[in-house]
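Chemist: just to be clear, the model below is a prediction. Sequence and coordinates:
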Amino acid sequence: MIGLLILVLLCSNIVNLSSGMATPKCTKPSLRREWRTLGYDGQKAFIDAIKCLSHLPHESLIPTGATPGLPPILTNSSLYDDVVYVHMDATNSAHSTGLFLPWHRLYLHTMEGLLKKKCGYKGYMTYWDWTIDSHNIEHAPLFNADPVIGFGTFPDASTNFSLSNGAFHDIIRAYPLAHHIQRNYTLKSWQTPLFSWPFPLPQKEANSTQTPAEYVKITTSFIGNFTAFQYYMDGYGLQGMHGATHTSLGGNIKDLSHSPNDPIFFLHHGQLDRVWAAWQAHHPRNHNTIAGFVVQDLDDFDAHPLGTGMPVTDDTAIYMAGIGPDAKIHDVLSTTGGYLCYQYAT
Ligand SMILES: [Cu+2]
């Protein structure tokens, strides 16, 4: 009887009924591991693959046009720059809308595919569990000067906040203008407005959102309420754990549009994806739930933290603008549903 039940469960996974396409089974999910558990060789492999992508030439892109005012595509840029451009293209559609978490989940998956396909990377995407370092983010171990495995220490005004050590200091990024990767740590990162309004809690310290207690709170609260969950991640007045890391690390990753210029972006969003996966796993009512709308409303964010306009559904498309296949929200709701096949190690 139990054997039959397992067989039925397995078979129900083979064909994705809503799209009619055969979806591969996920029998052996890959493990996404925290940066510091990769060890020297694992860290070197990931960083080498990021550098490889940064030196491969541009390929074709298909912008969605959802974010007006984008700079033109630079054909003498790198494949990594293409990945950045796809995020720029999704600035409005995939932030503070119902597409935020599904879009970034597919984006990380697409990046993983590029690292493997184009650069022979054998490992998996990794993440930075900033809760471990929340007492002292600026001196977290991954921000070290090692030329092989270091993300670089925080630069200062003497280099105009361009990285001066670590593995990425000599890389040129193309967007919005050719530059070296910049970073500038600021604990009270919400004192300067980023939007048309001042942050409501300018004295709030970014790392207060990055603590182990905050991780437990967000992953165990808001049962069945995707809207409340995502709103907590973005935070009242956009001063939550998502923005905290972007704004406090500063420089490139602080920019809403071209934040992936700094490879630490992928480790931060790995952590946010892990938070989503942990929340999903916490309660059956969280598993397959999605909410929100397709149009961003940053002018009235707290009234519409997940946007306005048409609601997103399981069938809403997620665009990768040419760097990888598009998908639908239902494809990425589970990390082990078959379209995706990974789990977080812890
Ligand atoms: Cu983003």
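Modeler: That came through fine. The model shown is predicted, which means the values in this text are computed figures rather than measured ones.

Chemist: let me know the pLDDT of the closest residue to Ala206 other than its chain neighbours.
Modeler: Take Ala206 and drop its neighbours on the chain: the residue closest to it by C-beta to C-beta, 6 or more residues apart in numbering is Ser248, 3.6 Å away. For the C-beta atoms, the positions are set from N, CA and C on the backbone; glycine is no exception. Looking at Ser248, its pLDDT is 98.

Chemist: Ser248 and Leu238: what is the separation?
Modeler: 13 Å (C-beta to C-beta, to the nearest Å).

Chemist: swap in Thr336?
Modeler: Taking C-beta to C-beta, one finds Thr336 at 31 Å from Leu238.

Chemist: those two - which one has more neighbours?
Modeler: Counted by other C-beta atoms under 10 Å, Thr336 and Leu238 do not tie: Leu238 has more neighbours, with 23 against 18.

Chemist: circling back to that earlier point, the residue nearest to Ala206 - that's part of a helix, no?
Modeler: Yes - assigned with DSSP: H, G, I helix; E, B strand; the rest coil, Ser248 falls within a helix.

Chemist: list the contacts for it?
Modeler: Taking C-beta atoms under 8 Å, 6 or more residues apart in numbering, we find Ser248 in contact with 137, 185-187, 189, 206-207.

Chemist: how does it look with 10 Å?
Modeler: Going by C-beta atoms under 10 Å, 6 or more residues apart in numbering, Ser248 touches 130, 137-138, 184-190, 205-207, 209-210, 254.

Chemist: over to Arg32?
Modeler: By C-beta under 10 Å, 6+ apart, the contact set of Arg32 is 108, 112, 123-127, 270, 273-274, 277, 335, 342-346.

Chemist: tell me the secondary structure at the closest residue to Ile149 other than its chain neighbours.
Modeler: Excluding its sequence neighbours, the residue lying closest to Ile149 (C-beta to C-beta, 6+ apart) is Gln43, at 4.2 Å. Under three-state DSSP, the three-state class of Gln43 is helix.

Chemist: how far away is Gln43 from Asp129?
Modeler: Taking C-beta to C-beta, one finds Gln43 at 15 Å from Asp129.

Chemist: give me the number of residues near His169?
Modeler: Counted with other C-beta under 10 Å, the neighbours of His169 add up to 17.

Chemist: Phe265 too?
Modeler: Phe265, neighbours per other C-beta under 10 Å, totals 24.

Chemist: repeat that for the one 10 residues further on.
Modeler: Val275 has 24 neighbours, counted by other C-beta under 10 Å.

Chemist: list the contacts of it.
Modeler: Counting by C-beta under 10 Å, 6+ apart, Val275 has contacts 101, 127, 129, 131, 214-215, 218-219, 229, 232-233, 241-242, 344.

Chemist: can you give me the helices in the stretch 151-300 of the chain?
Modeler: 212-220, 226-234, 241-249, 264-282 (DSSP state H, counting those that start in this stretch).

Chemist: adding distance to Pro325, write these out as TSV.
Modeler: Putting these into TSV (distance: least, C-beta to C-beta, whole Å) gives the following:
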stretch	distance to Pro325
helix 212-220	29
helix 226-234	25
helix 241-249	26
helix 264-282	18
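
Chemist: comparing those, which comes out most buried?
Modeler: Greatest average neighbour count among those goes to helix 241-249 (a mean of 25), per mean count of other C-beta atoms under 10 Å.

Chemist: just the CA atoms of it, as PDB, please.
Modeler: Extracted C-alpha coordinates of helix 241-249, given in PDB (Å, rounded to 0.1, in the frame of the first residue of the first chain):
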ATOM      1  CA  MET A 241      16.500  42.000   5.200                       C
ATOM      2  CA  HIS A 242      16.300  42.100   1.400                       C
ATOM      3  CA  GLY A 243      17.200  45.800   1.100                       C
ATOM      4  CA  ALA A 244      19.500  45.800   4.200                       C
ATOM      5  CA  THR A 245      22.200  43.800   2.500                       C
ATOM      6  CA  HIS A 246      21.900  45.800  -0.800                       C
ATOM      7  CA  THR A 247      22.000  49.200   0.900                       C
ATOM      8  CA  SER A 248      24.600  48.400   3.600                       C
ATOM      9  CA  LEU A 249      27.100  46.700   1.300                       C
END
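
Chemist: point out where the stretch 1-150 of the chain drops to low pLDDT.
Modeler: 1-22 (pLDDT under 70).

Chemist: how about the strands in it?
Modeler: Along the stretch 1-150 of the chain, counting by DSSP state E, counting those that start in this stretch, strands occupy 30-34, 126-127.

Chemist: compute the inter-axis angle for the first one and helix 264-282.
Modeler: Strand 30-34 runs at 120 degrees relative to helix 264-282, counting by axes from the mean of the first three to the mean of the last three C-alpha atoms, to 10 degrees.

Chemist: distance check, the nearest residue to Asn144 once chain neighbours are set aside against Gly166.
Modeler: Closest residue to Asn144 apart from its sequence neighbours, by C-beta to C-beta, 6+ apart: Gly150 at 4.1 Å. Gly150 sits 4 Å away from Gly166, going by C-beta to C-beta.
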